[in-house]
Structures are given as structure tokens and as C-alpha cells.
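# Return atomic coordinates for the entry below.
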Amino acid sequence: MKKKILTQERLLTAHSQNEKTSNIIVHKICQKTNRHKEDLLLNKTDFYRMKKQVIDLVESKKPLDERYGEKSW
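Residues are numbered from 1 along each chain as shown. Here you go, the predicted model:
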């Protein structure tokens with residue numbers, strides 16, 4: 001059990017380091033391009049991916065006749 005906790009701590013540490021690095025990169029890109037953070041393609045693709053995942057999840061929970069119509073076999 002202790003090994004699992006240590007692995008999770010390492011993953012969280014690595015994730016926070018990656019997040020800091022990506023924030024630095026985004027900040028530099030914003031300065032060079034004179035754009036807001038929300039206008040960068042990186043953020044737009046993340047938003048689109050998240051939206052697509054939610055739509056796919058909702059679609060997968062619908063009954064088959066509602067998803068494909070009454071004439072589906």
C-alpha cells in the first residue's frame with residue numbers, strides 16, 4: 001500500500017512540474033504573439049477535446065433507439 005502512495009505522490013509531483021513548465025511556455029508564447037492565453041490554439045484544442053469527450057459520454061448513455069432512430073436494427 002505504501003508503494004502505491006509513493007507512486008501517486010511521484011505522479012502528482014511530475015504533473016505539477018509539467019503544469020509549471022507548460023504555463024511558462026504559454027506565457028512566453030503570449031508575450032511573443034501579443035495574444036491572450038484564451039486565444040492560443042493550445043487552449044482551444046484542449047477545450048474542444050474536453051467538449052468532445054463530454055458529448056461522446058452523453059451519447060454513449062442514450063438508448064439505442066434514441067441514438068439511431070426507430071428504424072435501426
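
# the helices in this protein, which residues?
Ranges of helices in the chain, per DSSP state H, are 2-33, 41-61, 64-68.

# As TSV, those helices with mean pLDDT and mean neighbour count would be great.
C-beta coordinates here come from the backbone N, C-alpha and C atoms, glycine included. Converted to TSV, the helices of the chain look like this (pLDDT from 0 to 100; neighbours: other Cβ atoms under 10 Å):
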stretch	mean pLDDT	mean neighbour count
helix 2-33	90	10
helix 41-61	89	10
helix 64-68	77	10
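
# how is this protein carved up into domains?
For the chain, automatic domain parsing gives the domain ranges 1-34, 36-68.

# any idea how far the longest one is from the chain center?
In this case it means domain 1-34. The chain centroid and the centroid of domain 1-34 are separated by 14 Å under Cα atoms, centre = their mean, to the nearest Å.

# again, but for the shortest one
Per Cα atoms, centre = their mean, the displacement of domain 36-68 from the mean C-alpha position of its chain is 10 Å.
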